[in-house]
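K.L.:
sequence and predicted structure below; questions after.
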Amino acid sequence: MTEIASQSPSPERSRRDRLPRPLILGGAILIASVIVSIFPAVFAPYDPNTFDYNALLQGPSRAHPMGTDNFGRDVLSRVIHAYTIDMQIAIFATVFPFFFGTIIGALVGYAGGIAETLFGRIVDAVITFPFLVLVIAIVSVLGPGLVNMYIAVGVVGWVFYARIIAAEVKVQKRLDYADAGRAMGYTHLRIIFVHLLPNAITPAVVYWMTDMALAILLGSSLGYLGLGAQPPAAEWGVQIADGKNFMATAWWISVFPGLAIVLTGLGFSLTGDGLAEVLRTKR
Amino acid sequence: MQLVSFIARRILQLIPTLLFILIVVFALVRLLPGDPASAILGDRALDADVERINRELGLDRSLPVQFAVFVKSVATGDLGKSIHLKIPVTELIASRLPITIMLTVMAALIAVVFAVPLAFVAALRRGRLADSAVRGAFQVGLSMPVFYLGLILLTVFGAKLRWFPVGGYGDGFLDHLYHLFLPAVTLALSLSAILMRNLRSAIIGVLDAEYVLFARAKGLRPGLVLMRHVLRNALISTVALFGLSIGTLLGGAVITETVFAIPGAGRLMVDSIYGRDYPVVQGLTIALAVLVSFTFLLTDLVQAWLDPRVSR
Amino acid sequence: MTAAALEVSNLTASFGGGRLTAVNDISFTVRPGEVLGLVGESGSGKSVTLRSIMRLLPASCSVSGRVNWQGQDILTMTDKQLRAVRGGQISMIFQEPTTALNPVLPVFTQIEENLKAHTDLDRAGRAARARDLMDLVGIPDAARRLREYPHQFSGGMRQRVMIAIALAGNPKLLLADEPTTALDVTIQDQILKLILDLRDELSMGVVLVTHDLGVVAATCDRMAVMYAGRIVETGTVAEVFAQPNHAYTRGLLGSVPHAGTERSMLLSIEGTPPALNRIPPGCAFNPRCDFATDPCRAQVPALQDLSPNRSVACFNRDALVAAGSPLG
């Protein structure tokens, strides 16, 4: 079939110039999420932490579109205010691993040899430990809370970025322009970070999107277990844990925060898929 | 013959991995802040009591000596005693880990049972409605937190409809299966989504392969072409991914067991972490890591069986 | 003259909702025991032709015309009838044995499944027949090698394996898609000789797709030259080589290496064949043709019969005949 593939101009050419649908949809969700997370008070009808003993465990109504919880707090307002914490988790739990993993991965991929072998061992070890178990263990030692969670995730998470970048840099450094750089007498660091890395970084950026979705899942899981954000903070995992004993009678306390998690996760993974598609056709 | 030497080589490779696991576990427990003695006794413990505990746990000796003692005792199956439950950790793990293994195996089977047909449907109807629907379901499946899905299934099928028990583990094998069904479905969802995405693109790749064209040109039935020629080749990369997902699956088991109140190793892990029961945490971490290593071995063997090029 | 075994008439294959025509209204016949060479540069529609005959093109491709095989039109057969023809009466071999053999199945399975589909042999019978087939295509130590996997064979041996698989159902016609292109020159000759020997032994017809006129000269009885999806010239190999009637054929012949020179592929024609979406009006070859005149740019020349075996689609045949054969 190569004959046909090589010469038939794709009938999708006109479609290629447009952005892929997942990217548009995911991007819209993300932009909305970011805006809500920065200005939650603009969108939330009530204060997220004010108790209202006259409105305990009320179902969804005009006054409280997502109902109220067992302290009479407005669930919608808590879901909205939780955007602040959960989007922050998505970013802070991933940006440090992304940064350090990229640097280490670039150095390892460029250096090769012993550094690469040693790094390979570290990767083997890290994938042998269940990630969540490791994070839970570290958080429990450091004490519950978001900052300790970022540290725990960072200790392990950089490995995945480093692995991706190392593989890419290894490919890139064999290409001509790396040789040209060496011939020009550039320093190794300049070749790595100015010439190789910009070409190697796209897969890591795509993974970053997936990782942010995973970070929200992880952050809310820890919140649910009582190891992440601490009550009474408005955080989706915490909210679901708050409502879990009321599932049979007041389902709305847990169900709506969960939908927010799914929606935000969708935003990140659709964006990741769309980005991957765009970057693949560009290559 | 070649397969045997491949297996032998692969088992030998386990040794450094296991040693590395021990080093990491040892380092984690010793080097992180918060020492066991004050965890056990509280902040206002007497120095003498702290010393006694440290001596009991062997923490008063130098690190290399501690490590040597540690490796030796692990090798002989002695993982110490639980601080709170006062029974040997090995015993504790032996009673709890099988539950987790059963849950994980069930979840893996359910994930495969869902993923394979859906991947086929999506790949064969690429770009059509069925494909979009399956891919949309995949995206939602990946974004769904395990504890949330578990809570919903528990409420709907356990508490409301009463089709399944709302927790626990039951007695006897069939009862175990019955109790673990909802948790296993919960745990299976995200793995199923990951496997499906990978298998779908693998199948699409294989469908374009010339050997599939050749198989069709032989006049084989379409079913035979799909099962023998397409599926087998497409499974190779998916099996590797399956192996890599086992760690995530075990992590998910920790949460699932918490949500469904199942007395498995995951639940024990969370309880021990809360209670700072270090010997149990340490023992469980080793056990889980060893479990993952052996799963890697198993998936490597399956891969070697599927793909003769791997082992030779 | 014996009756045709395969009769292709007005075969057209197009992609992209009919916008890209890969094969355009071609007709040819293959007689029993005859080797027909289908010649042209890559992209001329040779492979698509073979695949349309076997209905192996993707569903997105629409095929029209008739492919007459023993009184039946393959293009309108039921799936069941088609399965009996594929591999049983008509077999196909591919250019790249490395990609056309399933890497994860032992060679025996790949032969046996064909025997199972097209013969009544029992298990033991299939095993014996598989060994015979390996002997037939010249693979020594058949019993042991049947248990091996494709990656354990050399390139030439792999092509022999593919031929053994193709022969399993005792086909009456073999469709060979550039069967030697991926092989070393010495191995090429062995494989071509094998195909010819098998043709004699099993009296099957062969359609040999190639871009290599050296291969055509060495193996084929008749040839059909394709350009941009159309047949532009047919005839016996001796006739066409002695006197090409189409400028494209003439160009191809001009690029055949002469004795002692290295085999180089079709370098003497200026330019490249047109992409499917940019086929020029008139004769598709006119932009590259030294003989082109105004009619060539306005109208597609029809394929005209010169004799029962010979036809050509060119407005300036006389000028070409006057110029003689480049092999002179």
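P.N.:
Arrived safely, thanks for sending.
K.L.:
can you pull out the low-pLDDT segments for the stretch 101-250 of chain C?
P.N.:
The model of the stretch 101-250 of chain C has no residue with pLDDT under 70.
K.L.:
and it, which of its residues are near chain A?
P.N.:
Contact residues, the stretch 101-250 of chain C versus chain A (CB under 8 Å from any CB of the partner chain): none. Glycine gets a C-beta too; all of them are placed from N, C-alpha and C.
K.L.:
how are the helices of the stretch 101-250 of chain C distributed by residue range?
P.N.:
Secondary structure of the stretch 101-250 of chain C (DSSP state H, counting those that start in this stretch): helices at C:107-118, C:123-136, C:142-145, C:155-167, C:185-202, C:213-219, C:237-242, C:247-254.
K.L.:
among the ones you listed, which comes closest to B:Pro263?
P.N.:
helix C:107-118 (47.5 Å; CB to CB).
K.L.:
helices of chain B, start to end?
P.N.:
Ranges of helices in chain B, per DSSP state H, are B:2-31, B:36-41, B:47-56, B:63-75, B:89-124, B:129-143, B:146-153, B:173-207, B:210-217, B:222-224, B:232-259, B:265-274, B:278-306, B:308-311.
K.L.:
for the ones you listed, give me TSV that also has mean pLDDT and mean neighbour count.
P.N.:
Compiled in TSV, these are given as follows (pLDDT from 0 to 100; neighbours: other CB atoms under 10 Å in any protein chain shown):
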stretch	mean pLDDT	mean neighbour count
helix B:2-31	79	14
helix B:36-41	63	18
helix B:47-56	74	14
helix B:63-75	85	14
helix B:89-124	93	20
helix B:129-143	87	17
helix B:146-153	94	23
helix B:173-207	91	22
helix B:210-217	92	24
helix B:222-224	91	12
helix B:232-259	88	23
helix B:265-274	87	24
helix B:278-306	86	21
helix B:308-311	74	16
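K.L.:
make CSV from those and add distance to chain C to it.
P.N.:
Output for the helices of chain B, formatted as CSV (distance: least, CB to the nearest CB, whole Å):
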stretch, distance to chain C
helix B:2-31, 11
helix B:36-41, 52
helix B:47-56, 56
helix B:63-75, 39
helix B:89-124, 10
helix B:129-143, 14
helix B:146-153, 34
helix B:173-207, 9
helix B:210-217, 4
helix B:222-224, 7
helix B:232-259, 6
helix B:265-274, 36
helix B:278-306, 6
helix B:308-311, 4
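K.L.:
and C:Thr21, which of the ones you listed is closest to it?
P.N.:
Minimum separation from C:Thr21 across the helices of chain B (CB to CB) falls at helix B:210-217, 21.5 Å.
K.L.:
what packs against the closest one?
P.N.:
strand C:90-93, helix C:97-100 (3 or more CB pairs under 8 Å, 6 or more residues apart in numbering or on different chains; DSSP states H and E).
K.L.:
any residue of the first one up close to chain B?
P.N.:
Yes: for strand C:90-93, a contact with chain B is found by CB under 8 Å from any CB, at C:91-92.
K.L.:
rounded mean pLDDT for that strand, please.
P.N.:
Averaged across strand C:90-93, pLDDT comes to 93.
K.L.:
any idea how far the most centrally placed residue in chain A is from A:Val206?
P.N.:
Nearest to the mean C-alpha position of chain A, counting by CA atoms, centre = their mean, stands A:Met212 at 0.1 Å. Look at A:Met212 and A:Val206: by CB to CB, to the nearest Å, they are 11 Å apart.
K.L.:
now A:Arg78
P.N.:
32 Å.
K.L.:
do A:Ala32 as well
P.N.:
21 Å.
K.L.:
so for the longest helix along chain A, mean pLDDT?
P.N.:
Counting residues, the longest helix found in chain A (DSSP H) is helix A:75-111. For helix A:75-111, mean pLDDT is 93.
K.L.:
and the very next helix or strand once past it, does that touch chain B?
P.N.:
Counting by DSSP states H and E, the next helix or strand C-terminal to helix A:75-111 is helix A:113-128. Yes: using CB under 8 Å from any CB, helix A:113-128 reaches chain B at A:121, A:124-125, A:127-128.
K.L.:
what does helix A:113-128 rub up against?
P.N.:
Applying CB atoms under 8 Å, 6 or more residues apart in numbering or on different chains, the external contacts of helix A:113-128 come out as A:104, A:107-109, A:156, A:159, A:162-163, A:166, B:16-17, B:20-21, B:24, B:244, B:247, B:289, B:292-293, B:296.
K.L.:
for C:Ser14, give me its contacts.
P.N.:
C:20-23, C:61-62.
K.L.:
turn the helices of the stretch 101-250 of chain C into a markdown table, columns for mean neighbour count.
P.N.:
Formatted as a markdown table, the helices of the stretch 101-250 of chain C follow (neighbours: other CB atoms under 10 Å in any protein chain shown):
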| stretch | mean neighbour count |
| --- | --- |
| helix C:107-118 | 22 |
| helix C:123-136 | 16 |
| helix C:142-145 | 14 |
| helix C:155-167 | 24 |
| helix C:185-202 | 16 |
| helix C:213-219 | 20 |
| helix C:237-242 | 19 |
| helix C:247-254 | 24 |
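K.L.:
closest to chain B out of these?
P.N.:
Nearest to chain B among those is helix C:107-118; the distance by CB to the nearest CB comes to 4.7 Å.
K.L.:
and that closest one, what does it pack against?
P.N.:
Contacts defined by 3+ CB pairs under 8 Å, 6+ apart place helix C:107-118 against helix C:123-136, helix C:155-167.
K.L.:
can I get the ones you listed in JSON lines with distance to chain B?
P.N.:
Shown next, in JSON lines, are the helices and strands packed on helix C:107-118 (distance: least, CB to the nearest CB, whole Å):
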{"stretch": "helix C:123-136", "distance to chain B": "13"}
{"stretch": "helix C:155-167", "distance to chain B": "7"}
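K.L.:
will you turn these into a markdown table that also has distance to C:Val300?
P.N.:
Shown next, in a markdown table, are those (distance: least, CB to CB, whole Å):
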| stretch | distance to C:Val300 |
| --- | --- |
| helix C:123-136 | 45 |
| helix C:155-167 | 36 |
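K.L.:
surely C:Phe28 is in contact with C:Ile231?
P.N.:
Yes: because the distance of 6.5 Å satisfies CB atoms under 8 Å, C:Phe28 is recorded as touching C:Ile231.
K.L.:
which residues do those two both contact?
P.N.:
C:Ala224.
K.L.:
of the two, who's got more company?
P.N.:
C:Ile231 (28 against 20; other CB atoms under 10 Å in any protein chain shown).
K.L.:
from chain A, how far off is the more buried one?
P.N.:
As defined by CB to the nearest CB, to the nearest Å, C:Ile231 lies at a distance of 17 Å from chain A.
K.L.:
do B:Val185 as well
P.N.:
B:Val185 is 17 Å from chain A, by CB to the nearest CB.
K.L.:
distance of the residue in the stretch 151-300 of chain B positioned nearest to chain A relative to A:Met209?
P.N.:
Nearest residue of the stretch 151-300 of chain B to chain A, counting by CB to the nearest CB: B:Gly251, 3.0 Å away. To A:Met209, B:Gly251 is 21 Å away according to CB to CB.
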